[in-house]
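S.K.: how would this look folded up:
(chains A and B)
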Number of protein chains: 2
Amino acid sequence: MSMTARIEQALAQPFSRASTASAPPRLMSAMLHAVFPGGARIRPQLCLAVARACTDDAPALSDAAAVAIELMHCASLVHDDMPCFDDADTRRGQVTVHKLYGEPLALLTGDALIVMAYQTLAHAGASHPQRLAALLMTLCEGTGAPNGIVAGQAWECEPRVQLGQYQRAKTGALFVTATCAGALAAGADPAPWRALGECLGEAYQVADDIRDVMGADQLGKPTGQDAQHGRPSTAADLGLVGAVEHFRQLMASAIASVPACPSQAALRQLVHAESERLLPQSASEQIDRHQAALRQKVSA
Amino acid sequence: MSMTARIEQALAQPFSRASTASAPPRLMSAMLHAVFPGGARIRPQLCLAVARACTDDAPALSDAAAVAIELMHCASLVHDDMPCFDDADTRRGQVTVHKLYGEPLALLTGDALIVMAYQTLAHAGASHPQRLAALLMTLCEGTGAPNGIVAGQAWECEPRVQLGQYQRAKTGALFVTATCAGALAAGADPAPWRALGECLGEAYQVADDIRDVMGADQLGKPTGQDAQHGRPSTAADLGLVGAVEHFRQLMASAIASVPACPSQAALRQLVHAESERLLPQSASEQIDRHQAALRQKVSA
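M.R.: Below you'll find the predicted structure:
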């Protein structure tokens, strides 16, 4: 089975368990809308790729870890899209949850997806209780306070923000959870996989900032939001060319960080493909040309 | 140490772990505001009382279970108070989180408290991994979809609601989690403790409905909200006198359900005290007098 098919199949499981006669139908429908169809599913892919690199001897547990991370990511998107944050109309090319189901259900959908993430881990972890405790901790670290994605989002509500800390928490934390959880689900030491998550997480955020400025996002998100909401941004900090250079360095570090293992080539390929998806070569060349033209204008 | 002191001390622990230099200060402050000072802390009290009845051989784990349940309860209060639900100005006699910190931080505070609940369980559960898996499941069942408190709240967004199901999920579920988690934390079978949680949870909701109609709530919540928001209510369904009678029956069933154990008397005393707190004898006598006067008027 392809990794993508494996992820979609695993994601469907907690929904079939929760879809009982006693479930509120509109809540269930809103939760499905928040998760399907998905985006690139890069976090669960990363989790499973690391699990495979570490033998993947408990595939149901690896699946549960990948699903928990993706559910948590989807929950954060639903809440971030709400009127008190981005007030976004579309996400992944479709109408946002609060636009379709109203604010009360969007709020509850995020909450219910967070709980579903933990429930998925608990369900699969019952037969691997030692690994469950470690997986649980890494999921909490990547999502809550002080350093997880919720804390990252909360930095937007602080009067003074340090860009690196904001980005590490807002995006990087769940990528670190993805690589570490993949190792933990397979009973392996997560430490050698941390750097991969850190580099990819930061690169992801830098690419997001670049696309937001370029105003041509193919990922179904509105652009120009960072400046509009006064959010910290690498593109604003380093300029477009500096941000592209930083992105390239981070991707090179990510590739270099992959530990020696039988899947090293496959993992490097995954990182390379993700790099091209996040910031296509054509887009970064366009920025280079724009910069060259600007230089010519100044010297003329 | 008194049970109340034990709970407050245990509740402070996850906050000292999370209050690092890298934590967003306003988020941490909003989370503290949502949890301290508390209300009656009836759910964690119930959890610890059952743990004690089952020997309480792993007190740090019992504490963690009690804390996780209370954090989850506080998270639900923060989200329920937000403008898209009750739009409440006060809670437990103080200003609500969204009124003091704004909607974005209130949304994130709820999310972060949910994660903190699981993190607290994970932290204490690492040395009792078998019990951790069961505790995790019961916490998820009491909070998420299809039957937990989030699902209960979601019934308010459905066009057709069945009162019993709504109440069981909205309030009852977390009381059932409280009694069952107390048993599980002590390595005991949760089944004999389920009925106690069910009866108390339903009684709690009925008392809440009665107080909402009577318009004299001493718990620091605004009254008349059920009718205003068109919410299902036992008081609207059975009338005030019928609701009071139903409440008394539920409390009697709760007391009768306490299994034979050395702490039976103490547990019954806790239930009795809670009954008086929820619906003081004076208030229910006032309703009886009101009903008698009404009858006299009709027969005159």
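S.K.: From now on I want contacts and neighbour counts done on CA atoms only, so please keep to that.
M.R.: Will do.
S.K.: tell me how far the helix or strand containing A:A65 is from the chain's mean position?
M.R.: If you go by DSSP states H and E, A:A65 is part of helix A:59-81. Here the centre of helix A:59-81 is set off from its chain's centre by 9 Å, with Cα atoms, centre = their mean, to the nearest Å.
S.K.: just the helices in the stretch 201-300 of chain A please.
M.R.: Secondary structure of the stretch 201-300 of chain A (DSSP state H, counting those that start in this stretch): helices at A:225-228, A:234-257, A:264-278, A:281-299.
S.K.: If I take the second one and helix A:264-278, what angle do their directions form?
M.R.: With axes from the mean of the first three to the mean of the last three Cα atoms, to 10 degrees as the criterion, the two stretches helix A:234-257 and helix A:264-278 enclose an angle of 170 degrees.
S.K.: Just the CA atoms of helix A:234-257, as CSV, please.
M.R.: Taking C-alpha atoms only, helix A:234-257 is exported to CSV below (Å, rounded to 0.1, in the frame of the first residue of the first chain):
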residue,chain,number,x,y,z
THR,A,234,11.0,35.8,7.8
ALA,A,235,10.2,37.4,4.5
ALA,A,236,9.6,40.8,6.2
ASP,A,237,12.7,40.2,8.3
LEU,A,238,15.3,39.0,5.7
GLY,A,239,13.6,40.3,2.5
LEU,A,240,12.4,37.9,-0.2
VAL,A,241,15.9,36.9,-1.5
GLY,A,242,17.3,36.4,2.0
ALA,A,243,14.2,34.3,2.9
VAL,A,244,14.7,32.1,-0.2
GLU,A,245,18.4,31.6,0.6
HIS,A,246,17.5,30.7,4.2
PHE,A,247,14.9,28.2,3.0
ARG,A,248,17.5,26.5,0.7
GLN,A,249,19.9,26.2,3.6
LEU,A,250,17.3,24.7,5.9
MET,A,251,16.3,22.1,3.3
ALA,A,252,20.0,21.2,2.8
SER,A,253,20.4,20.8,6.6
ALA,A,254,17.3,18.6,6.7
ILE,A,255,18.6,16.3,4.0
ALA,A,256,22.0,16.2,5.7
SER,A,257,20.4,15.3,9.1
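S.K.: For that helix, which residues meet the burial criterion?
M.R.: A:234-236, A:240-241, A:243-244, A:246-248, A:250-255, A:257 (16 or more other Cα atoms under 10 Å in any protein chain shown).
S.K.: Residues touching it, excluding its own?
M.R.: With Cα atoms under 8 Å, 6 or more residues apart in numbering or on different chains as the test, helix A:234-257 has contacts from A:163, A:193, A:195-197, A:199-200, A:202-203, A:206-207, A:209-210, A:213, A:268, A:271-272, A:275, A:284, A:287-288, A:291.
S.K.: Cross-check those residues against chain B and keep the overlap.
M.R.: Among the contacts of helix A:234-257, not one lies near chain B by Cα under 8 Å from any Cα of the partner chain.
S.K.: Next up, the contacts around the closest residue to A:A23 other than its chain neighbours.
M.R.: Closest residue to A:A23 apart from its sequence neighbours, by Cα to Cα, 6 or more residues apart in numbering or on different chains: B:P146 at 4.3 Å. With contact set as Cα under 8 Å, 6+ apart, B:P146 has these partners: A:A18, A:S19, A:T20, A:S22, A:A23, A:P24.
S.K.: would you turn those into TSV with neighbour count and pLDDT?
M.R.: Listed next are the contacts of B:P146 as TSV, based on neighbours: other Cα atoms under 10 Å in any protein chain shown; pLDDT from 0 to 100:
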residue	neighbour count	pLDDT
A:A18	16	97
A:S19	15	95
A:T20	14	94
A:S22	15	92
A:A23	20	94
A:P24	26	96
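S.K.: Including secondary structure, could those residues go into JSON lines?
M.R.: Shown next, in JSON lines, are those (DSSP: H, G, I helix; E, B strand; the rest coil):
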{"residue": "A:A18", "secondary structure": "helix"}
{"residue": "A:S19", "secondary structure": "coil"}
{"residue": "A:T20", "secondary structure": "coil"}
{"residue": "A:S22", "secondary structure": "coil"}
{"residue": "A:A23", "secondary structure": "coil"}
{"residue": "A:P24", "secondary structure": "coil"}
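S.K.: Which of those residues sits closest to chain B?
M.R.: When those are ranked by distance to chain B (Cα to the nearest Cα), A:A23 comes first, at 4.3 Å.
S.K.: Just to check, the closest one is in contact with B:V150?
M.R.: No: using Cα atoms under 8 Å as the test, A:A23 is too far from B:V150 to be in contact (10.6 Å).
S.K.: rank the helices of the stretch 201-300 of chain A by mean pLDDT and give me the bottom one.
M.R.: Ranked by mean pLDDT, the helices of the stretch 201-300 of chain A bottom out at helix A:225-228, which scores a mean of 74.
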